[in-house]
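A.B. asks: Kindly generate the corresponding structure for this input.
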Amino acid sequence: MSQDTQDFVDLANRLADASRPILRSYYRRRLDIDIKSDASPVTQADREAEAAIRQLISTTFPDHGIFGEEFGKEREDAEYVWVLDPLDGTRAFVTGRPTFGTLISLARNGVPLLGLIDMPVLGDRWVGAVGRPTMLNGERVSARACAALREGYLSASTPLMFDTSDKRRKFEAVEATVRSTTFGGDCYQYGMVATGFLDIVIECSLVEYDYLALTPVIEGAGGKITDWHGNGLKMGSGDRVVAVGDARVLDEALAILAN
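C.D. replies: This is a model prediction of the structure:
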């Protein structure tokens with residue numbers, strides 16, 4: 001790993017260190033909840049955490065771009081762009097559950113170079129970067145082997161995200177094949193794939209700040225993450241994502257999802 005990449009990883013950790021206490025300070029407090037145009041909730045916690053992250057990026061790497069869920073894009077044509085979801089799982093957050101997280105990614109020319117998943121209440125942090133193994137709280141983690149889809153444990157944040165008959169049909173076809181399905185967890189699900197407790201996550205209705213951070217984390221643990229046609233994820237990849245711990249499961253899932 002180059003020194004530049006290590007510098008970026010160090011900054012990503014500093015960003016999460018800045019956002020974590022902000023989110024924790026608002027956890028299980030009664031907050032005003034605004035509803036955005038896409039019907040998703042947002043609170044002062046989301047905005048304050050992203051503002052802190054953006055300030056640190058601008059101070060450390062003023063030529064880098066930023067794309068955040070709450071405050072949009074700046075310098076979006078830069079070679080390096082930080083992609084931020086300060087509070088992934090706002091519905092969990094506002095209902096008092098600890099499975100929300102912060103997603104931080106750095107993309108170079110649109111391709112994710114590093115990714116971080118931070119769980120402020122649970123205290124877990126996954127860090128992945130191209131050319132290095134994924135770490136959970138400083139310890140290397142690995143996805144587990146799963147020889148066939150029928151042996152797999154599947155997850156998705158909510159069945160409501162499969163909001164067309166085509167999406168529902170495809171998800172339900174995979175669901176009918178696997179050993180077990182659970183819902184909920186947002187970014188935490190992907191950490192569980194990287195750590196060897198889930199075998200497959202299938203989701204849709206996502207945008208870049210939902211999925212770019214996941215790619216280095218999953219791949220650094222030996223897993224795979226693509227769109228529903230098997231293409232690697234980058235800026236503009238669309239809204240459909242499948243992550244697996246074992247590539248053999250991906251082949252089976254894509255045979256269903258890509259049709």
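
A.B. asks: Look at residue 32 and report its pLDDT.
C.D. replies: Per-residue pLDDT puts residue 32 at 66.

A.B. asks: cool, and residue 78?
C.D. replies: Looking at residue 78, its pLDDT is 96.

A.B. asks: and residue 145, which of the three is it?
C.D. replies: coil (DSSP: H, G, I helix; E, B strand; the rest coil).

A.B. asks: Please tell me I have it right and it contacts residue 244.
C.D. replies: No - counting by Cβ atoms under 8 Å, residue 145 does not reach residue 244; the two are 11.0 Å apart. From N, CA and C alone the C-beta is placed, and that goes for glycine too.

A.B. asks: More neighbours: these two, which one.
C.D. replies: residue 244 (28 against 13; other Cβ atoms under 10 Å).

A.B. asks: show me what contacts that one?
C.D. replies: 143, 146, 152, 193, 199-201, 223-225, 250, 253 (Cβ atoms under 8 Å, 6 or more residues apart in numbering).

A.B. asks: Tell me which entries of these lie within helices.
C.D. replies: Within the contacts of residue 244, residues falling in helices by DSSP state H are 193, 250, 253.

A.B. asks: Need the residues you listed in JSON lines (columns: neighbour count).
C.D. replies: Below are the ones in helices among the contacts of residue 244 laid out as JSON lines (neighbours: other Cβ atoms under 10 Å):
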{"residue": "193", "neighbour count": "27"}
{"residue": "250", "neighbour count": "21"}
{"residue": "253", "neighbour count": "27"}
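
A.B. asks: Now flag whichever of the residues you listed is closest to residue 233.
C.D. replies: residue 250 (13.0 Å; Cβ to Cβ).

A.B. asks: Tell me which residues touch that closest one, please.
C.D. replies: Residue 250 sits in contact with 200, 224, 226, 230, 242, 244, where contact means Cβ under 8 Å, 6+ apart.

A.B. asks: Look up the residues forming beta bridges with the third one.
C.D. replies: Just to be clear, that refers to residue 226. residue 232, residue 242 (DSSP bridges).

A.B. asks: That one and residue 80, how far apart?
C.D. replies: 23 Å (Cβ to Cβ, to the nearest Å).

A.B. asks: Neighbour count: those two, which is higher?
C.D. replies: Remark: of residue 226 and residue 80, residue 226 carries more neighbours, 22 against 18, as counted by other Cβ under 10 Å.

A.B. asks: Wait, the more buried one touches residue 232, no?
C.D. replies: Yes - here residue 226 reaches residue 232: they are 6.0 Å apart, a contact under Cβ under 8 Å.

A.B. asks: just to revisit the earlier point, any shared contact partners between residue 145 and residue 244?
C.D. replies: By Cβ under 8 Å, 6+ apart, no residue touches both residue 145 and residue 244.

A.B. asks: Double-check that residue 23 belongs to a strand.
C.D. replies: No - counting by three-state DSSP, residue 23 is located in no strand; its state is helix.

A.B. asks: Leaving out sequence neighbours, find the closest residue to it.
C.D. replies: Computed as Cβ to Cβ, 6 or more residues apart in numbering, the closest residue to residue 23 that is not its neighbour in sequence is residue 120, at 4.4 Å.

A.B. asks: now residue 161
C.D. replies: residue 205 is the one closest to residue 161 (Cβ to Cβ, 6+ apart), at 4.5 Å.

A.B. asks: Now for that neighbour, how many residues are close by?
C.D. replies: For residue 205, the neighbour count with other Cβ under 10 Å is 18.

A.B. asks: Ok, residue 59 next?
C.D. replies: Count around residue 59 with other Cβ under 10 Å applied: 8.

A.B. asks: Relative to residue 132, how far out is it?
C.D. replies: Between residue 59 and residue 132 the distance is 25 Å, computed by Cβ to Cβ.

A.B. asks: Name the SS class of residue 103, please.
C.D. replies: Residue 103 - assigned by three-state DSSP - is strand.

A.B. asks: ugh, typo on my part, it should be residue 84
C.D. replies: Per three-state DSSP, residue 84 ends up strand.
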